[in-house]
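Asker: build me a model from this:
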Amino acid sequence: MIQDIYPSKLNNEFYDYKMTADDICLFFDTEGRMLIKEEKDSVSFTCGLDAQGKQCIYLFSLDDTKFFLTVDESGFQKEGYTYKTIREIRDSCSGKEVFAAFTAYHLWRWYADNRFCGRCGEKLIPGDKERSLICTKCGNTIYPRINPAVIVGVTKGDCLLITRYNRGYAYNALVAGFTEIGETLEETVAREVMEETGVKVTNIRYYKSQPWGMAQDILVGYFCDAADDGEIHMDKNELKYAEWVKREDIVLQPNNLSLTNEMMSVFKAGR
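Answerer: Numbering: from 1, shown residues only. Now for the predicted structure:
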């Protein structure tokens, strides 16, 4: 999966580092596209030298490499580099750099969406002791938000409930959805499966989790069983496909980055 970068390690502990010319400094445009240079199966990032004179914020380290974010969205250009969406980076690249790009996007999104205080409207400034945004007028402190969501592998004997979305990702997927306020993750599983496919479930069991910066998520994977005959009543507004598929007929996604693909692969292999 995308976070499986061993022996490399991403360290997201906050430090008030000062950027050097050799550090990585990322540029995003107003639409959330990142300025990168595509290599064979990987990407190259812009560096601190490109961001001299600009306000930059430390994000995280990948092994010994420090990553910063520039708050400049003026459309900076660099020869050989182009602005790409996170989905484009996901579909064309692999390796630890993709995990770094996803994590950086998650933090960029948080900084971009929290520029002014929600209480008094004053401009927020970055904290220097922890990952935070602080209002100097009323003292309101904002911390990064992570959206909990579930990925659900619904089984019926030798079959898995496979879906495809109406919009966005074009390949096979599983039932998925965000947790609502006041709801447990297990309740989210049962509700999302019912809403999207009309199938009641039982025997809900945790599988694995995954950070997924594309949607600022922490994805939590569950397997469960169809409670009755598993008759599908698909939500056509959400899905264009929902069918029971035998394990040997399951078509996997084109890369191994997602928790969804790993769960389909595990079931397909009989594990």
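
Asker: counting neighbours, what do you get for residue 250?
Answerer: 16 (other CB atoms under 10 Å). From N, CA and C alone the C-beta is placed, and that goes for glycine too.

Asker: with adjacent residues omitted, what lies nearest to it?
Answerer: residue 268 (4.5 Å; CB to CB, 6 or more residues apart in numbering).

Asker: residue 246 is in contact with the one you found, correct?
Answerer: No - counting by CB atoms under 8 Å, residue 268 stays clear of residue 246, with 9.4 Å between them.

Asker: pretty sure residue 264 is in a helix, no?
Answerer: Yes - checked against DSSP: H, G, I helix; E, B strand; the rest coil, residue 264 lies within a helix.

Asker: list the contacts of it.
Answerer: 153, 160, 162, 172, 174, 250, 252, 253 (CB atoms under 8 Å, 6 or more residues apart in numbering).

Asker: surely the fifth one meets residue 151?
Answerer: Spelled out, that is residue 174. Yes - Residue 174 lies in contact with residue 151 (CB under 8 Å); the separation is 5.5 Å.

Asker: tell me which of the two has more neighbours.
Answerer: The residue with more neighbours, out of residue 174 and residue 151, is residue 151; 29 against 24, by other CB under 10 Å.

Asker: hmm, residue 222 and the more buried one touching each other?
Answerer: Yes - here residue 151 reaches residue 222: they are 7.3 Å apart, a contact under CB under 8 Å.

Asker: and the helices in the protein, which stretches?
Answerer: 86-92, 96-113, 185-197, 259-268 (DSSP state H).

Asker: pull the residues that contact the longest one.
Answerer: By CB under 8 Å, 6+ apart, the surrounding residues in contact with helix 96-113 are 2-3, 5, 8, 10, 12, 26, 28, 32, 34, 36, 42-43, 45, 57, 59-60, 62, 67, 69, 71, 86, 89-90, 126, 133, 144-145, 211-214, 216, 257.

Asker: please apply the same query to the third one.
Answerer: Contacts of helix 185-197 from elsewhere in the structure, counted by CB under 8 Å, 6+ apart, are 148-150, 152, 154, 161, 163, 175-180, 183, 199-201, 204, 220, 222, 224, 232-235, 238-239, 242.

Asker: dump the C-alpha coordinates for it into PDB.
Answerer: The C-alpha trace of helix 185-197 is given here as PDB (Å, rounded to 0.1, in the frame of the first residue of the first chain):
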ATOM      1  CA  LEU A 185     -16.900   2.700  12.600                       C
ATOM      2  CA  GLU A 186     -18.900  -0.500  12.700                       C
ATOM      3  CA  GLU A 187     -22.100   1.400  12.400                       C
ATOM      4  CA  THR A 188     -20.600   3.300   9.400                       C
ATOM      5  CA  VAL A 189     -19.900  -0.100   7.700                       C
ATOM      6  CA  ALA A 190     -23.500  -1.300   8.100                       C
ATOM      7  CA  ARG A 191     -25.000   2.000   7.000                       C
ATOM      8  CA  GLU A 192     -22.800   2.600   4.000                       C
ATOM      9  CA  VAL A 193     -23.300  -0.900   2.600                       C
ATOM     10  CA  MET A 194     -27.100  -0.600   3.100                       C
ATOM     11  CA  GLU A 195     -27.200   2.900   1.500                       C
ATOM     12  CA  GLU A 196     -25.100   2.100  -1.500                       C
ATOM     13  CA  THR A 197     -26.200  -1.500  -2.200                       C
END
